[in-house]
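> below is the sequence, then the predicted model.
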Amino acid sequence: MIKKCLFPVAGYGTRFLPATKSQPKEMLPIVNKPLVQYGVEEALKAGLSDIGFVTGRGKRAIADHFDINYELEHQIEGTGKEVYLESIREVIDKCTFTYTRQSEMKGLGHAILTGKTMIGDEPFGVILADDLCFDDDEGVMGQMVNLYKQFRCSIVAIEEVPMEETYKYGIVEGINIKDGLFRVTNMVEKPKPEDAPSNLAVIGRYILTPDIFDILEKTPPGANGEIQITDALMEQAKNGCVMAFKFRGKRFDCGSVDGYIDATNYSYENYYKK
Ligand code: G1P
């Protein structure tokens, strides 16, 4: 039912300079697979096979990654090395990829609005590849797609964070309707701990209903002078139409060096060595 997934990948990745000077941060590997491929695999597992990238300058490596490299294929054909390409081949076979460029960095809300031409008038997923999620069952996006079937409104994945870290996230407040599920009543982008309505932080997984685009078109710049998806979602929440969901699984903030190292160690121990 939900087929499309948007990946905003235009950001600079300044925290990883100089590594990200001429390569996209989304191409940084967690062990032997780039971050963005984990995200696309999660989307595919959830049944979202139309992948749309909101990309920018210096991000061509992403498009090359999700395409066949004939020279390489020819070189390793019939050798034991073919196995290393299996995961990316599967993704290439099963997904379609569309790209549009965000020419100015005006925030996540603006990036999602830039993706409108690829989405049209249907609900869609959004994955921020920096937030790497591991869940061996249906995946975090898969869990959200199942919830969407029930509620038919926008959904954000949330996690409890230490109060002193609220300034890094969109923070939600809501009515607890069942275990781990809230109907959102309030959302604030990156509040100071003393202004935060709770410690429930939005992580980089969203299902959005297409009316979000009209709202984004009218959303003025908010925190950091950027157009925030959090502010647009708050408009939808006024009609009771945003759910927040404590996902099952493990999430790493790979936009920070500490989170990136933790994710690498976790992935190495739990997947690569096994
Ligand atoms: C974005 C969103 C924020 C959300 C976060 C999750 O912030 O604006 O609401 O909590 O992603 O990673 P960013 O990390 O891009 O600054």
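Good, I have the coordinates.
> return the distance of Met243 relative to the ligand.
16 Å (Cβ to the nearest ligand atom, to the nearest Å). To be clear about C-beta, it is placed using only N, CA and C from the backbone, and glycine gets the same treatment.
> how much space between whatever residue of the stretch 51-200 of the chain ends up closest to the ligand and Val156?
Residue nearest to the ligand within the stretch 51-200 of the chain (Cβ to the nearest ligand atom): Gly170, separated by 2.6 Å. Separation of Gly170 from Val156 (Cβ to Cβ, to the nearest Å): 8 Å.
> so what sits against both of the two?
Jointly contacting Gly170 and Val156 under the rule Cβ atoms under 8 Å, 6 or more residues apart in numbering are 202, 233.
> between these two, which one's more packed in?
Val156 (30 against 26; other Cβ atoms under 10 Å).
> do the helix or strand hosting the more buried one and the ligand meet?
Using DSSP states H and E, Val156 sits within strand 154-160. No: Strand 154-160 lies apart from the ligand when judged by Cβ under 6 Å from any ligand atom; the minimum separation is 8.4 Å.
> count the residues that sit near Lys178.
Lys178 - counted by other Cβ under 10 Å - has 6 other residues nearby.
> quickly list what it is bridged to.
Leu181 (DSSP bridges).
> give me the pLDDT for it.
As predicted, Lys178 sits at a pLDDT of 92.
> and Asp136, by the same measure?
Asp136 is given a pLDDT of 90.
> isn't Gly240 up against Ile177?
No: Gly240 lies out of contact with Ile177 (Cβ atoms under 8 Å); the separation is 10.9 Å.
> what is in contact with those two at once?
Common neighbours of Gly240 and Ile177 (Cβ under 8 Å, 6+ apart) are Arg183.
> neighbouring contacts of the helix or strand hosting Glu173?
Taking DSSP H and E as the definition, one finds Glu173 inside strand 170-178. For strand 170-178, contacts defined as Cβ under 8 Å, 6+ apart pick out 156, 158, 182-191, 196-202, 228-230, 233, 244.
> now it against strand 154-160, angle please.
Computed by axes from the mean of the first three to the mean of the last three Cα atoms, to 10 degrees, the angle separating strand 170-178 from strand 154-160 equals 100 degrees.
> in strand 170-178, what counts as buried?
170-174 (16 or more other Cβ atoms under 10 Å).
> one more: stretch 194-206?
Here stretch 194-206 shows 196, 198-206 as buried, counting by 16+ other Cβ under 10 Å.
> all helices for this protein, in order.
35-45, 60-65, 70-76, 86-94, 108-114, 116-119, 140-151, 212-218, 229-237, 257-267 (DSSP state H).
> which positions in the protein make contact with the ligand?
For the chain, the contact set with the ligand under Cβ under 6 Å from any ligand atom comprises 108, 128, 131, 169-170, 189, 201-204, 228, 230, 255.
> lowest average pLDDT across the helices of the chain?
Looking at the helices of the chain, the weakest mean confidence is helix 70-76, a mean of 92.
> what's in contact with it?
With Cβ under 8 Å, 6+ apart, helix 70-76 has contacts from 82, 84-85.
> tell me how far the closest residue to Met105 other than its chain neighbours lies from the ligand.
Spatial nearest neighbour of Met105, excluding adjacent residues (Cβ to Cβ, 6 or more residues apart in numbering): Ala10 at 6.4 Å. Applying Cβ to the nearest ligand atom, the value for Ala10 to the ligand is 11 Å.
> phi first, then psi, for Ala10.
phi -90, psi -10 (degrees, to the nearest 10).
> compile the helices of the chain into a markdown table and extend it with columns for mean neighbour count.
Below are those laid out as a markdown table (neighbours: other Cβ atoms under 10 Å):
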| stretch | mean neighbour count |
| --- | --- |
| helix 35-45 | 23 |
| helix 60-65 | 15 |
| helix 70-76 | 10 |
| helix 86-94 | 13 |
| helix 108-114 | 24 |
| helix 116-119 | 17 |
| helix 140-151 | 18 |
| helix 212-218 | 17 |
| helix 229-237 | 24 |
| helix 257-267 | 16 |
